[in-house]
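*Asks:* Need coordinates for the below:
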Amino acid sequence: MDKEKIKKVIVALLKAIDEDPNRPGLKKTPDRVARMYEELLSGRNKDAKDILQVIQNLEHDGIVLIKNVPFYSICEHHMLPFFGECHIAYIPNNNRVVGISKLARVVDIVSRRLQVQERLTTEIANAIMKNLKPKGVAVAVNARHLCIEMRGIKKPGTYIVTTAVMGKFEKDTKARREFLKLIK
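*Replies:* Purely as a prediction, here's the structure:
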């Protein structure tokens with residue numbers, strides 16, 4: 001990430017909106033914004049496979065669920081934040097399980113990119129399906145988008161819900177219903 005370029009762009013943006021980038025409250029803003037984007041978009045060059053290391057020989061073939069995982073992301077359409085909670089379930093295959101905190105880390109990696117919620121949801125599910133090779137995976141994301149709340153239609157408190165279901169959760173309505181019941 002080129003923080004110097006970001007600083008120059010922020011100075012130009014401040015000038016374009018008729019602000020003085022040298023006034024006391026804005027003097028350090030370009031640097032703060034550059035450091036903020038470095039942090040908020042830190043998932044760009046990370047791969048979930050690096051953290052989804054399988055723990056062998058744990059016999060469990062029921063649903064493994066982590067719910068209410070908070071996340072923050074940046075909408076690629078308006079570059080405003082969206083944030084909410086992610087729920088992830090998978091059904092192990094051949095005793096292939098992963099440390100549960102690793103699922104939350106996948107959410108962090110995928111959400112720390114310019115994103116849209118639909119892709120965020122699918123990328124999380126794909127990463128788990130590809131790397132753990134479970135019988136099935138289900139992901140549900142509910143989020144608030146500041147581009148909906150602050151501008152445009154201006155509907156504060158509106159939640160967008162997206163899901164991705166694969167494998168057994170896609171084919172077996174009983175498994176899908178169990179997932180939905182567990183995340184309520």
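
*Asks:* Local confidence estimate at the residue nearest the centre of the chain?
*Replies:* Nearest to the mean C-alpha position of the chain, counting by C-alpha atoms, centre = their mean, stands residue 111 at 2.7 Å. Per-residue confidence at residue 111 stands at 98 (pLDDT).

*Asks:* what ranges do the helices span in the protein?
*Replies:* 3-16, 29-40, 100-111, 117-132, 146-149, 168-171, 173-182 (DSSP state H).

*Asks:* Could you double-check that the residue nearest to the centre of the chain sits in contact with residue 75?
*Replies:* No: applying C-beta atoms under 8 Å, one finds residue 111 not in contact with residue 75, separated by 11.3 Å. Where you see a C-beta, it was placed from the backbone N, CA and C, and this is true even at glycine.

*Asks:* From residue 20, how far off is residue 52?
*Replies:* Using C-beta to C-beta, to the nearest Å, residue 52 is found at 48 Å from residue 20.

*Asks:* out of the two, which sits in the busier spot?
*Replies:* residue 52 (18 against 11; other C-beta atoms under 10 Å).

*Asks:* ok, now which ones touch the more buried one?
*Replies:* By C-beta atoms under 8 Å, 6 or more residues apart in numbering, the contact set of residue 52 is 98, 102, 106, 127, 128, 131, 132.

*Asks:* one more time with 6 Å, if that's ok
*Replies:* 98, 102, 131 (C-beta atoms under 6 Å, 6 or more residues apart in numbering).

*Asks:* got it, and residue 159?
*Replies:* Neighbour list for residue 159: 142, 144 [criterion: C-beta under 6 Å, 6+ apart].

*Asks:* Please report phi then psi for it.
*Replies:* Main-chain torsions, residue 159, degrees, to the nearest 10: phi -110, psi 140.

*Asks:* my guess is residue 103 meets residue 88, correct?
*Replies:* Yes: Residue 103 is in contact with residue 88 according to C-beta atoms under 6 Å; the separation is 4.9 Å.

*Asks:* So for these two, which residues contact both of them?
*Replies:* Common neighbours of residue 103 and residue 88 (C-beta under 6 Å, 6+ apart) are residue 66.

*Asks:* re earlier: please tell me how far the residue nearest to the centre of the chain sits from residue 89.
*Replies:* Going from residue 111 to residue 89 by C-beta to C-beta gives 18 Å.

*Asks:* now do residue 98
*Replies:* Using C-beta to C-beta, residue 98 is found at 13 Å from residue 89.
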